[in-house]
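In: Could you work out the structure for the sequence below:
(2 chains)
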Number of protein chains: 2
Amino acid sequence: MPNNAIYRLKDVGQTVTAQGFVAKVRDLGHLVFVDLRDRSGLLQLSFDADHPLKEEASQLKNESVIEVTGVLKERSNKNKEIPTGDIELLVKTLTVLSMAKTPPLMIQDDTDALEETRLKYRYLDLRRPVLQNLIRLRHDIMQATREYLNQADFLEIETPILNKSTPEGARDYVVPSRIYPDHFYALPQSPQMYKQLLMISGFEKYYQVAKCFRDEDLRRDRQPEFTQIDIEMAFAKEKDVMALAEGLVKHVFKKANQAFSDQPFDVLTYHQAMEVYGSDKPDRRFGLPLIECTELFKNNSLPLFKGKKVKAILVKEGAEKITRKLSDSWAEMINVYPETTLLVLKKEETLTGSIVKNLADDEIKGLIALGLETGDALMVVMAPDVYGPAGRLRLLMGEHFKLIDATTHDAFFVVDWPLYDYDHDAKRYVSMHHPFTAPKTLESLEDPGQALASAYDLVIDGHEVGGGSIRIHQKEVQETVFRHLGMDEKMIEEQFGFFVKAFDYGTPPHGGIAFGLDRLVMILGKTDNIRDVIAFPKTSSGQCLMSEAPGQISDHQKKELSLK
Amino acid sequence: MPNNAIYRLKDVGQTVTAQGFVAKVRDLGHLVFVDLRDRSGLLQLSFDADHPLKEEASQLKNESVIEVTGVLKERSNKNKEIPTGDIELLVKTLTVLSMAKTPPLMIQDDTDALEETRLKYRYLDLRRPVLQNLIRLRHDIMQATREYLNQADFLEIETPILNKSTPEGARDYVVPSRIYPDHFYALPQSPQMYKQLLMISGFEKYYQVAKCFRDEDLRRDRQPEFTQIDIEMAFAKEKDVMALAEGLVKHVFKKANQAFSDQPFDVLTYHQAMEVYGSDKPDRRFGLPLIECTELFKNNSLPLFKGKKVKAILVKEGAEKITRKLSDSWAEMINVYPETTLLVLKKEETLTGSIVKNLADDEIKGLIALGLETGDALMVVMAPDVYGPAGRLRLLMGEHFKLIDATTHDAFFVVDWPLYDYDHDAKRYVSMHHPFTAPKTLESLEDPGQALASAYDLVIDGHEVGGGSIRIHQKEVQETVFRHLGMDEKMIEEQFGFFVKAFDYGTPPHGGIAFGLDRLVMILGKTDNIRDVIAFPKTSSGQCLMSEAPGQISDHQKKELSLK
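Out: Residues are numbered from 1 along each chain as shown, chains lettered A, B, ... in the order given. The predicted structure is shown next:
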């Protein structure tokens, strides 16, 4: 295997063999230089004036694969940019192992190739050092994860890919059975039930780097298949799982050589996160907290305020910076939330803004008392459900003013989640996490709308990186939750019968967490494109542009699967 | 997390909390003992005569989950069988965390439960220590594998599960696409093309512990999904991949604490393996080599010998042991091979056997010259393709006479495979390994029937544990092989177009190997049931008896997938 970039000045005089891709050919007439690239880096090959191979070398097409032998010598023109910059290989023999056509994209970090071209020729795209490094980072993160969990005596246990279809939220990918006509396997959305069954099986500490599948309409950061670091522990309480998760994340960041605070992770309640940041996964790498103002306007009879909650964001010295054009663009972006209004107030000599003339004196006083000084601006967001638009505005402002310090990471837990969300369309509760999440207290189940969950999310840099909970381990409690979710006995039996039955034979209390590996690599690799961290990704319509999957199958195949 | 089996005599006097499953309750009237089981082992709990919890303890059902606190004390009746046998926990408090019903199977290594019951209640079956140990062994093997490959600078890279369907041998499992009606993904039979594309991408050293899928009719040692340790190396020659594979296997066996020779692995040619053992994956832990006798009978005009090859197995002192009944049963079992005859010759005063009177003197002399002494037997197998039945007979004899030393392992490579096999029904060549296998020489492709492959299998204890090859890296060679396999240009383009196109842009020579993880665990775990080494296996008809997968899906789902 080649390792061309290990050579240094001290190796001068050695005869070596090198293999790799032709990265660049420079024909200076009297001299020809070739940059040879392998996984380890670059090595310069040189062919001098009367070299019998000079002509052949000058004809080499980029990306051809060659093998050369020669003698290392000191360069006359040194290159301080690369580790092998002091030396070059004076070539004696040259073998072309594979001649390349002109590639449809340049093999360099900065590419102007269309993403479509890059995905079609993914094997060329992956040669770009930036992607090589991200795939290596992904490897490092996976291995650091295993190292930590193995050390903590966890067992990596594989759960099946061919599962039973259960309506657990998102849409399943299904696999028709050939042996049982009209029957289907489903690909797992997560190994949730299996990992709980492993606790019931007495394994106590389980993990898996698990492939999961969701047939959803894809967004920029979603893929039909994704990888989850999946963990479960028996006899564990919230604090035990959170401590493990914190230790794991710190270990992984350290192994990836990234700066990370040694301090214990903060713990925010869901309520705090929503009130202060308008988000259950806030980016705390900048300020701009939401200021609660609903109370301030409780006596205002303007229709605008009716039934609305009000949040404000104070921008010191923002009066000038926040132009009408800028605030209009923000208003447009947060108007996707229902019945949302954005007001911009500025403190100049007096408080200005379209609404000011309609405000009572004590309202104006109250606003100024929020800390408004001359030159400051105050963004006021009103909506029946104000957290969404206010949180979004905060992010837009943070991005616009470049307040985010991307050189550091901020990690914390969000706890005390509501157990349920109410679905007004379906007129029933839906699980905020999933139906196996334990309530904080059994009593709270009597008022489902108020029940809190023994659940915890791990947020890093404004992304939900991990989510988990203590699970229900009592059959009656699980059945109560299923009923709250609108399931009758028959549905419970059909969909989860085998699972709740397992609770009958001794079930340790247990809990766990799952991390999105793709997201973790994106954060550590500082990319916001999920396709950069997956070797062979799909497009947002679920296609592989390289292999052209999905494709057609033969009538014979369909017939065997009873699809015809 | 519990760790109940760590306590010893030195801990007597300590107050401890323990959690686990109730393994056994013994009510002696004045005393009650409970064996508490967790992953670490057993701890005896004791409740004495006037203990307020004695009654409750005596009522505990096996497999219930409890938490107790108490004080460790020295036992009066010590148990030398278990590590905690010198002590017991005098219980102060007892909490039943989960009361169990009577389990449908006993949680102990020796079980007489039907496999059907065990699979239905897999979470109970998995509590049996023998299965706990096999799943732990599987974990150990996976981690030892990664440890070795990470050390050797390989990158673990995930390849997709949602692939394009290509007719690469076995039947694909397919996944209907919702977005593209009448289009399907296929689950990978192996990551073969992807790992080659990773070499073309310049990663040089790849591995993956990869889930693979084949929709075949299942045999005892097959599962619809199985796990492969998948490895590929750029610029590697046969000897490089074999050296890596040998190092990996030795490391894994060492980590699993199993005796294994330090000697370099033997290398047999396919021809040698077939001639001497009648198998391409011989079990060499016993002798009974096949002796070539075709030449000896070349002048025999009996119809019996016409067009047959002849192999013999010499059994020293076998004349008495091999009864008519025994040899008849063997004959029946090898008669599944076409036109096969088994003759039994015994050397008593003279050579006896039904055929002897029809043999020429020099034939009889020749047979005796094979080493026959008084009391020996000679099993003679005749068939047009004698390797199958002769190899099978050898195994039957090895098993019957218990010649296999199961305490040792025997590992070796088989090389120099034919590139193709001829399919007489389809009247065309088929790949002996797969269509990406490189021929040993390009010239040999001119006579496909004689071409040898740059392929190597790793055999351990008579099982094919690994198989690999140097791959074709030249487009013209790959196209020639596809044509030998009966594909025309259109078929090549449709099925492998994207793949052969990649060869155009610089392809390093490369090769690799894949190990069957399930088989490796079976060998190291000394079980011949593949379901013992998989946490949640399927039956031979592809069902999960626990979850009842595959199952039905809703009409709505089918409609979304254009299946209705």
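In: alpha carbons only for contacts and neighbour counts from here, please
Out: OK.
In: Residue A:208 should be in a strand, yeah?
Out: Yes: Residue A:208 sits within a strand when classified using DSSP: H, G, I helix; E, B strand; the rest coil.
In: burial measure for it, as a count.
Out: Using other C-alpha atoms under 10 Å in any protein chain shown, residue A:208 has 23 other residues around it.
In: What of residue A:524?
Out: 18.
In: secondary structure element for it?
Out: Per DSSP states H and E: residue A:524 is located in helix A:517-525.
In: May I have that helix exported as PDB, CA atoms only?
Out: The C-alpha atoms that make up helix A:517-525 are tabulated as PDB, following Å, rounded to 0.1, in the frame of the first residue of the first chain:
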ATOM      1  CA  LEU A 517     -24.200  10.000  13.900                       C
ATOM      2  CA  ASP A 518     -24.600  12.000  10.700                       C
ATOM      3  CA  ARG A 519     -25.400  15.200  12.700                       C
ATOM      4  CA  LEU A 520     -22.400  14.600  15.000                       C
ATOM      5  CA  VAL A 521     -20.100  14.300  12.100                       C
ATOM      6  CA  MET A 522     -21.600  17.400  10.500                       C
ATOM      7  CA  ILE A 523     -21.000  19.400  13.700                       C
ATOM      8  CA  LEU A 524     -17.400  18.200  14.200                       C
ATOM      9  CA  GLY A 525     -16.700  18.500  10.500                       C
END
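In: Show me the beta-bridge partners of residue A:87.
Out: Following DSSP bridges, residue A:87 is listed with bridge partners residue A:74.
In: Then residue A:47?
Out: Checking residue A:47 by DSSP bridges, which sets the bridge assignment, gives partners residue A:32.
In: Let me see the residues that make contact with the helix holding residue A:524.
Out: Applying C-alpha atoms under 8 Å, 6 or more residues apart in numbering or on different chains, the set of residues contacting helix A:517-525 from outside is A:134, A:137-138, A:141, A:226-229, A:253, A:256, A:258, A:461, A:463, A:465, A:528-530, A:532-534.
In: which ones among those residues are found in helices?
Out: With helices taken from DSSP state H, the overlap with the contacts of helix A:517-525 comprises A:134, A:137-138, A:141, A:253.
In: quick one: which of those has the most company?
Out: residue A:138 (27 neighbours).
In: For the closest residue to that residue other than its chain neighbours, give its distance to chain B.
Out: In space, not counting the residues next to it along the chain, residue A:138 is nearest to residue A:521; the distance is 5.8 Å by C-alpha to C-alpha, 6 or more residues apart in numbering or on different chains. Residue A:521 is 13 Å from chain B, where distance means C-alpha to the nearest C-alpha, to the nearest Å.
In: Check residue A:479 too.
Out: In this structure, residue A:479 and chain B are 16 Å apart, going by C-alpha to the nearest C-alpha.
In: One more: residue A:348?
Out: Relative to chain B, residue A:348 is positioned 55 Å away (criterion: C-alpha to the nearest C-alpha).
In: Just list the residues touching that residue, thanks.
Out: A:319, A:374-376.
In: In TSV: the ones in helices among the contacts of helix A:517-525, plus pLDDT and distance to residue B:184.
Out: Shown next, in TSV, are these (pLDDT from 0 to 100; distance: C-alpha to C-alpha, whole Å):
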residue	pLDDT	distance to residue B:184
A:134	97	30
A:137	97	32
A:138	98	29
A:141	97	32
A:253	94	39
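In: among those, which two are most distant?
Out: Largest separation among those by C-alpha to C-alpha: A:134 and A:253, giving 14.4 Å.
In: Now do the same contact list for the one residue in the stretch 251-400 of chain A that gets nearest to chain B.
Out: Chain B sits closest to residue A:255 of the stretch 251-400 of chain A, with a gap of 14.1 Å, by C-alpha to the nearest C-alpha. With contacts defined as C-alpha under 8 Å, 6+ apart, residue A:255 is in contact with A:140-141, A:144.
In: In terms of pLDDT, where does the residue lying closest to residue A:340 once chain neighbours are set aside sit?
Out: Using C-alpha to C-alpha, 6+ apart and skipping the chain neighbours, the partner closest in space to residue A:340 is residue A:383 (4.6 Å). Model confidence at residue A:383, expressed as pLDDT, equals 96.
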